[in-house]
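Undergrad: Task: produce atomic coordinates for the following.
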Amino acid sequence: EQPWLHVLVRDGEQFEAVCAWSPPSPALARGTLYCDFESTGDYGRAVAAGRAAGWSVGLATARIVMPGEEGDIEQLVTFAPDAVLVRNLTALQHLRQRAGSLRLIGDYALNVANEITVAELCAAGLSRITPSYDLNWPQLADLLARIPADACEVVIHQHVPLFHTRHCLFAASLSDGMRC
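TA: Numbers count the residues shown, from 1 in each chain. Got it, this is the predicted structure:
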């Protein structure tokens, strides 16, 4: 089966580097280029430029959606991405109701750690899931043996950014609450 490379970028420099990249072998194909920019203002240009570079383009939801912030989810749909990287159940429900045939991909933040959760989330509208980072290699291998191969995106490299939000105890109590 054809392996696909799915890449998440967080800024314009990373985006440009991925768009300029060419697979070293026809055995590896461009998959989805997920954009998780600080500002959604660049998403329209990113969708067009990513497609022109041969990528399917996905946009990431916020990790936390508070009541009244559903408009931020709807805004992603206006950029006409090929997919949305879903990071919470509110976004999943909202997009499923309003985004029609848009591909919805489950982020690791959904904490999928077993085949029952995979089945439930796929039945709820996700095309693929990203397994929880809490799984060690034997647990991940066991999960992968129990689900369809095309239902999963496995992270092979990550850099977790250090930031604080209004939901962070440190930011709320010990700092001015700004990003670090």
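Undergrad: ok, the closest residue to residue 94 other than its chain neighbours - how many residues close by?
TA: Distances taken as Cβ to Cβ, 6 or more residues apart in numbering put residue 73 closest to residue 94, at 4.9 Å, once the chain neighbours are dropped. Quick note: C-beta positions are derived from backbone N, CA and C, even for glycine. Under the neighbour criterion other Cβ atoms under 10 Å, residue 73 is assigned a count of 22.
Undergrad: tell me which residues of the host helix or strand of residue 73 are tucked away?
TA: Assignment of secondary structure by DSSP states H and E places residue 73 within helix 70-78. Using 16 or more other Cβ atoms under 10 Å as the test for burial, helix 70-78 gives 73, 76, 77.
Undergrad: can I get the CA coordinates of that helix in PDB?
TA: Extracted in PDB, the C-alpha atoms of helix 70-78 (Å, rounded to 0.1, in the frame of the first residue of the first chain):
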ATOM      1  CA  GLU A  70     -18.200  28.100  17.200                       C
ATOM      2  CA  GLY A  71     -17.800  30.800  14.600                       C
ATOM      3  CA  ASP A  72     -14.000  30.200  14.600                       C
ATOM      4  CA  ILE A  73     -14.800  26.600  13.500                       C
ATOM      5  CA  GLU A  74     -17.200  27.800  10.700                       C
ATOM      6  CA  GLN A  75     -14.600  30.300   9.500                       C
ATOM      7  CA  LEU A  76     -12.200  27.400   8.600                       C
ATOM      8  CA  VAL A  77     -14.900  26.100   6.200                       C
ATOM      9  CA  THR A  78     -15.000  29.400   4.300                       C
END
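Undergrad: Walk me through which strands the helix or strand just after that helix pairs with, and which way each runs.
TA: Moving toward the C-terminus from helix 70-78, the next helix or strand (DSSP H and E) is strand 83-86. Take DSSP bridges as the rule and strand 83-86 pairs in its sheet with strand 56-60 (parallel), strand 103-106 (parallel).
Undergrad: Using PDB, write down the CA coordinates of the last one.
TA: As requested, the backbone C-alpha atoms of strand 103-106 are provided in PDB (Å, rounded to 0.1, in the frame of the first residue of the first chain):
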ATOM      1  CA  ARG A 103     -12.900  15.300   5.200                       C
ATOM      2  CA  LEU A 104     -12.400  15.400   9.000                       C
ATOM      3  CA  ILE A 105      -9.200  14.000  10.500                       C
ATOM      4  CA  GLY A 106      -8.900  13.400  14.200                       C
END
